[in-house]
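Visitor: No sequence on hand, only this structure:
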């Protein structure tokens with residue numbers, strides 16, 4: 001399993017080929033998720049082999065955006081199935097990677113411990129201090145894709161998303177839940193301010 005080469009290959013592809021209107025689902029998001037997955041994985045005491053599979057899934061989880069925005073998780077799995085055998089990944093390893101990738105689909109319903117880690121890593125930013133900076137990138141992407149019309153609608157979408165989201169691993173709950181609640185309260189305050 002040529003782990004580093006497999007990850008470098010897809011990261012280079014994302015860097016070079018992702019459409020520029022994807023201001024959130026960019027190479028920076030993928031690298032952010034990789035960092036969060038590594039941190040959560042270490043704190044959840046996963047094995048070295050599990051870490052390689054997890055980080056491969058993190059690198060590949062949004063590569064479907066290279067060709068589509070709808071059903072991108074399935075397209076990401078298609079790319080993993082196409083590219084990873086060339087890097088020595090077994091069919092079983094690829095199947096496990098695809099279980100993790102599919103776990104990032106909203107609403108999240110991860111079925112395995114590694115899938116729970118990737119799901120939490122994908123939305124790690126919800127409970128961080130840089131949430132509003134990252135959220136702005138997603139807002140711009142939603143506007144570009146015609147999914148929303150403005151800030152008020154965006155704030156309502158965010159509140160609904162926050163209220164339906166939960167972290168799965170003990171690590172993410174411990175590290176992010178409290179700040180996630182603070183971020184939610186700030187969004188609610190912004191809506192209240194708009195109404196007044």
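Guide: Perfect, thanks for sending it. Quick caveat, the model's predicted, so the values are computed rather than measured.

Visitor: Got phi/psi on residue 110?
Guide: Phi and psi for residue 110, reported as degrees, to the nearest 10, are phi -70, psi 140.

Visitor: got it, and residue 149?
Guide: The phi/psi pair for residue 149 (degrees, to the nearest 10) is phi -110, psi -20.

Visitor: Tell me which other helices or strands the helix or strand harbouring residue 101 touches.
Guide: Element membership for residue 101 (DSSP states H and E) is helix 91-102. Applying 3 or more Cβ pairs under 8 Å, 6 or more residues apart in numbering; DSSP states H and E, we find helix 91-102 packed against helix 48-60, helix 72-83, helix 113-122. Any C-beta I mention is one placed from the backbone N, CA and C, and that applies to glycine too.

Visitor: which residues touch it?
Guide: Identification of contacts with helix 91-102 by Cβ atoms under 8 Å, 6 or more residues apart in numbering yields 1, 53-54, 56-57, 60-61, 73-74, 76-77, 80-81, 84-85, 89, 110-112, 114-115, 117-118.

Visitor: For the biggest helix by length in the chain, buried residues please.
Guide: The longest helix of the chain (DSSP state H) is helix 170-195. Judged by neighbour count (16 or more other Cβ atoms under 10 Å), helix 170-195 contains these buried residues: 171-172, 175-176, 180, 183-184, 187, 190.

Visitor: for stretch 40-49, same thing?
Guide: Across stretch 40-49, burial judged by 16+ other Cβ under 10 Å covers 40-41, 44, 46.

Visitor: Now render those residues as CSV, adding distance to residue 21 and pLDDT.
Guide: Output for those, formatted as CSV (distance: Cβ to Cβ, whole Å; pLDDT from 0 to 100):
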residue, distance to residue 21, pLDDT
40, 30, 98
41, 31, 98
44, 35, 98
46, 35, 98
